[in-house]
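J.: with the input below, show me the fold.
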Amino acid sequence: MKRKPEEVLAGLVNLGAMPAGYAYPASLDRLDPTFKSLLLSVQGALTEALRRMNTNVTGGVIVPDFHVDYMDAPEPNAIAFRNDGYSFIVITVPMAELIARTADRLSHSASIAQALGLGDASPELIEKLHVAMLSLQINFLASHELTHHLRGHVTGAIHENTTVGGLREQAEEADADSYAVYIVLAHLFNGDGRALALELVRNKTTADETLLALFIMAIGAFFAALPQRAIDHITVYKNFHPPEAVRMNYVMHSLTSWCNQNRPALEAWMKLDRYQAFMRPVAETIRGPLDAANADAERLFIQSAAGQEYYKKLEELRLQEFERLKQSVP
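T.: Predicted coordinates:
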């Protein structure tokens, strides 16, 4: 008789097969009851949505039954792996809390509301913006981990450390970011996410522009809220994820491609100055002035000769992996 997914996760923890400090089941009872209820609702909705996923999304890839769950951990993280006939997406409680804090800060920021053209932030508007930002970030995170399953980045192994990696791991993370954009934008513009986001829109003639701005701000804030790590010409190759600026570059490249295929007018609308106008209040809201120096140092490194060489190598490896995957699809 097949074990339940909860039994599989508990067994992995007991065997010491999860990263150090991970515990299951997660101690959700210590959380605010409203937040706990939200997490359980998200868990059920994501698990059901992934189980109902059709081959148009998976590209014909056969994936074992999905199960989304939470674990206690010392760090914000999400892990994709397969075990005992299940495709797991595990989100740590610190990651869920980080996303909740990020959405809360965005929804209470007057500069964010102004950039979105939403006017004065009434309590009702704040609540709707909070839900929209939270949903976008959770969906992006889940879609990112889903991509690891679809691309064959997971084979049963569980990452012991998500801070120390290499260029191959970074290429997989960049690929997961890129494909997640397509999944989330399709959900936002053509799926259930549209009705939720449209509750914020006052001018229906610019609804698509507002939805795109919401997406950019939510994902930009998600990256900005993650722990920042100093980089140089040596350490940049040893991290598990690409630098924030590089990840956001891949997101915007995929966003432009999606718009070109599905909303051509939005591709022309999303100019560099408009993107910068959206990201400026995000950085100020999430990081504040104390982290400005770190952000500038990262940007200057990426623009340097050493940074451009790193990006070239990363992109070459990502494209090699993409070609390999295309050839492996029947």
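J.: pretty sure V154 belongs to a strand, no?
T.: No - assignment of V154 by DSSP: H, G, I helix; E, B strand; the rest coil gives coil, placing it outside any strand.
J.: is it true that it touches I89?
T.: No - using Cβ atoms under 8 Å, V154 is not in contact with I89; the gap is 10.0 Å. The way it works is simple: take the backbone N, C-alpha and C, and place the C-beta from them, glycine included.
J.: now do the shared contacts for those two.
T.: A80 (Cβ atoms under 8 Å, 6 or more residues apart in numbering).
J.: the strands in the protein, which residues?
T.: Using DSSP state E, the strands of the chain run over 65-71, 78-83, 86-92.
J.: export the first one to PDB, keeping only CA atoms.
T.: By that I understand strand 65-71. Output of strand 65-71 as PDB, limited to C-alpha atoms (Å, rounded to 0.1, in the frame of the first residue of the first chain):
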ATOM      1  CA  ASP A  65       1.700  13.000  -8.100                       C
ATOM      2  CA  PHE A  66       2.500  16.500  -6.600                       C
ATOM      3  CA  HIS A  67       2.400  17.300  -3.000                       C
ATOM      4  CA  VAL A  68       3.000  20.800  -1.500                       C
ATOM      5  CA  ASP A  69       3.900  21.100   2.200                       C
ATOM      6  CA  TYR A  70       5.700  23.100   4.800                       C
ATOM      7  CA  MET A  71       8.700  22.400   7.000                       C
END
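J.: how far away from the center of its chain is that strand?
T.: 16 Å (Cα atoms, centre = their mean, to the nearest Å).
J.: now D232, nearest residue through space, not along the chain?
T.: Spatially, and ignoring its direct neighbours in sequence, D232 is nearest to F301 (6.7 Å; Cβ to Cβ, 6 or more residues apart in numbering).
J.: pick the most buried one from the strands of the chain.
T.: Here the criterion is mean neighbour count by mean count of other Cβ atoms under 10 Å, and of these the winner is strand 86-92, at a mean of 23.
J.: which elements pack onto that strand?
T.: With contacts defined as 3 or more Cβ pairs under 8 Å, 6 or more residues apart in numbering; DSSP states H and E, strand 86-92 has these neighbours: helix 5-14, helix 33-51, strand 65-71, strand 78-83, helix 123-150.
J.: average pLDDT for the first one?
T.: Spelled out, it's helix 5-14. Helix 5-14 carries an average pLDDT of 94.
J.: distance between it and the chain's centre?
T.: With Cα atoms, centre = their mean, you get 25 Å for helix 5-14.
J.: for it, packing partners?
T.: Looks like helix 5-14 contacts strand 65-71, strand 86-92 (3+ Cβ pairs under 8 Å, 6+ apart).
J.: now do the last one and helix 33-51, the angle between them.
T.: Angle between the axes of strand 86-92 and helix 33-51 is 150 degrees (criterion: axes from the mean of the first three to the mean of the last three Cα atoms, to 10 degrees).
J.: and what of the first one?
T.: For the pair strand 65-71 and helix 33-51, the angle between their directions (the same axes, to 10 degrees) equals 160 degrees.
J.: heads up, I number from 37, so please use that
T.: Right, with 37 as the first residue, what we last looked at is strand 101-107.
J.: can you give me the helices for the chain?
T.: Secondary structure of the chain (DSSP state H): helices located at 41-50, 69-87, 91-94, 129-143, 146-151, 159-186, 203-226, 228-234, 243-261, 280-298, 300-305, 308-322, 328-339, 341-364.
J.: closest to I267 out of the ones you listed?
T.: Closest of the helices of the chain to I267 is helix 328-339, at 5.8 Å (criterion: Cβ to Cβ).
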